[in-house]
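Participant: Kindly generate the corresponding structure for this input.
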Amino acid sequence: MKLLSAIKYLLVLFLLAGMSCEETIVDPAFTFTIGKGSTFRMNQTYSTSDGQFKILIKEIGDSRCPEGAQCDWQGEVTLNGEWTANKDKSVFELHSVIKDMQKMPEGFTIQIVNAEPYPNVNSQSKPEDKVVTLLIQRK
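Facilitator: As a prediction, this is how the structure comes out:
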């Protein structure tokens, strides 16, 4: 009986020891590379493969002139997000046209390369369908 109790305690001890060795596993589908264009969706956290930097796109605004319409202004894509560098969070704001309104994470530049789907007067896209390609570089 004492042997059975000792085995139970050892199993619990090993279980607790295994839980304390937390390892961060990064899903390759949600990674990006500094210096290379990467695709992002809203409300998904993406990380560099080493976990040092993270990005979360909170809002994608798209005022580009829709296909099938005539516009006086070309419009632009805007982004609001959160940048994490070594657990220090900061917010950023990007504009595809009006560059002087941008707010970048310290030490980095982020450029909007592409945004899909392109607006169309005959169809309305859902926020979850929006995808943006960004180029993140060190200054």
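Participant: what residues are up against residue 46?
Facilitator: Applying CB atoms under 8 Å, 6 or more residues apart in numbering, we find residue 46 in contact with 30, 31, 32, 38, 40, 54, 55, 56. Glycine gets a C-beta too; all of them are placed from N, C-alpha and C.
Participant: Now with 10 Å, please.
Facilitator: Contacts for residue 46 were tallied using CB atoms under 10 Å, 6 or more residues apart in numbering; they are 26-27, 29-32, 38-40, 53-57, 134, 136.
Participant: Which parts of the protein are helices?
Facilitator: With helices called from DSSP state H, the chain shows them at 2-20.
Participant: What ranges does it have for its strands?
Facilitator: When secondary structure is read from DSSP state E, the chain shows strands at 37-41, 45-47, 53-62, 77-85, 88-95, 108-116, 131-138.
Participant: For those strands, give me JSON lines that also has distance to residue 124 and mean pLDDT.
Facilitator: Rendered in JSON lines, the data for the strands of the chain read as follows (distance: least, CB to CB, whole Å; pLDDT from 0 to 100):
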{"stretch": "strand 37-41", "distance to residue 124": "18", "mean pLDDT": "95"}
{"stretch": "strand 45-47", "distance to residue 124": "26", "mean pLDDT": "95"}
{"stretch": "strand 53-62", "distance to residue 124": "11", "mean pLDDT": "95"}
{"stretch": "strand 77-85", "distance to residue 124": "17", "mean pLDDT": "95"}
{"stretch": "strand 88-95", "distance to residue 124": "23", "mean pLDDT": "94"}
{"stretch": "strand 108-116", "distance to residue 124": "14", "mean pLDDT": "95"}
{"stretch": "strand 131-138", "distance to residue 124": "16", "mean pLDDT": "95"}
